[in-house]
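A.B. asks: take a look and give me a structure for this.
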Amino acid sequence: MSKGWYVKVDVPVQFMMDCNIGVVAESEGGAQQAAEEIVADELRKTVDELQEGFPWDFTTGCLNWSRGGGTLEPVFELMRAGSATPDSDFDPDEPDADDLMEAAMCLLEAFWNLPDDDKRRSDFLPNHGIAHVRSQVADAASLCHQTWRVVIDDDGFDCFDWDFCPQFLDRCMDEQMVLKSNDLFELVRMWKEAQ
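C.D. replies: Model prediction:
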């Protein structure tokens with residue numbers, strides 16, 4: 001007579017897991033190393049939190065698995081990063097929305113702090129209105145921020161809103177609130193020469 005049986009089948013399993021990690025680095029090799037470090041750190045945290053490696057029970061397809069007595073931990077020594085693909089949307093020199101907003105607000109604040117007899121306040125504002133001033137400031141915000149990044153990298157300049165922006169307004173924008181140049185390095189030269 002046949003009987004029903006529950007049979008434990010031991011299946012040694014070795015498999016690779018992959019994931020995509022976004023990193024910022026100078027080279028492909030640097031990106032690979034940074035990604036490996038991030039993954040290793042996260043896996044170590046997971047293993048430490050569980051205090052036993054990966055979960056004991058898991059399911060694949062219609063089979064329910066229970067991990068045996070051995071630990072199932074990552075083999076960190078065998079971990080290798082694959083190819084790295086450049087992110088075509090990433091531009092470290094392009095200001096983000098917060099940078100642009102800050103630059104525009106600081107330039108507008110610098111405008112309002114100009115002396116009353118400054119031509120931009122005494123002539124330009126009454127003839128063109130504040131909406132036009134805001135428009136000119138918005139147009140200048142990106143190059144203002146980029147000029148700041150070059151100046152701070154070269155000279156360690158340290159106060160964007162109270163020092164740099166008023167000086168940028170004086171040195172790099174004319175009496176019509178227009179940038180004197182659309183070339184970043186020309187604006188940097190203007191800013192530095194006036195020091």
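A.B. asks: so which bits of the lengthiest helix in the chain are buried?
C.D. replies: Secondary structure of the chain per DSSP state H: the longest helix is helix 130-155. For helix 130-155, the neighbour count (16 or more other CB atoms under 10 Å) marks 133, 136-137, 139-148, 150-151 as buried. To be clear about C-beta, it is placed using only N, CA and C from the backbone, and glycine gets the same treatment.
A.B. asks: kindly report the same for stretch 174-184.
C.D. replies: 177, 179.
A.B. asks: what's in contact with that stretch?
C.D. replies: With contact meaning CB atoms under 8 Å, 6 or more residues apart in numbering, stretch 174-184 is reached by 111, 119-120, 123-124, 132-133, 136-137, 139-140, 143, 146-147, 150, 172-173, 186-187, 190.
A.B. asks: okay, now the unreliable bits of the chain?
C.D. replies: 1, 4, 6, 9, 11-19, 43, 46-76, 87-94, 153-158, 195 (pLDDT under 70).
A.B. asks: quick one, helices of it?
C.D. replies: Using DSSP H, helices in the chain cover 28-50, 97-112, 119, 125-128, 130-155, 165-172, 184-193.
A.B. asks: got a markdown table for those helices, with distance to A81 too?
C.D. replies: A markdown table is the format used below for those (distance: least, CB to CB, whole Å):
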| stretch | distance to A81 |
| --- | --- |
| helix 28-50 | 4 |
| helix 97-112 | 31 |
| helix 119 | 58 |
| helix 125-128 | 56 |
| helix 130-155 | 29 |
| helix 165-172 | 42 |
| helix 184-193 | 34 |
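A.B. asks: can you pull the contacts of L100?
C.D. replies: Counted by CB under 8 Å, 6+ apart, L100 has contacts 141-142, 145.
A.B. asks: tell me which of these is nearest to V23?
C.D. replies: H145 (23.9 Å; CB to CB).
A.B. asks: distance of that closest one relative to D183?
C.D. replies: When CB to CB, to the nearest Å is the yardstick, H145 and D183 sit 15 Å from each other.
A.B. asks: and if you look at E193?
C.D. replies: Relative to D183, and taking CB to CB, E193 is found at 14 Å.
A.B. asks: swap in M190?
C.D. replies: 10 Å.
A.B. asks: I'd say K192 and V150 touch.
C.D. replies: No - under the criterion of CB atoms under 8 Å, K192 makes no contact with V150, lying 9.5 Å away.
A.B. asks: thinking again about what came up before, which one, of the helices of the chain, ends up nearest to M79?
C.D. replies: helix 28-50 (6.0 Å).
A.B. asks: for that closest one, packing partners?
C.D. replies: Using 3 or more CB pairs under 8 Å, 6 or more residues apart in numbering; DSSP states H and E as the contact test, no helix or strand touches helix 28-50.
A.B. asks: which single one of the contacts of L100 is nearest to I38?
C.D. replies: H145 (28.7 Å).
A.B. asks: and V23, how far is that from P86?
C.D. replies: V23 is 11 Å from P86, by CB to CB.
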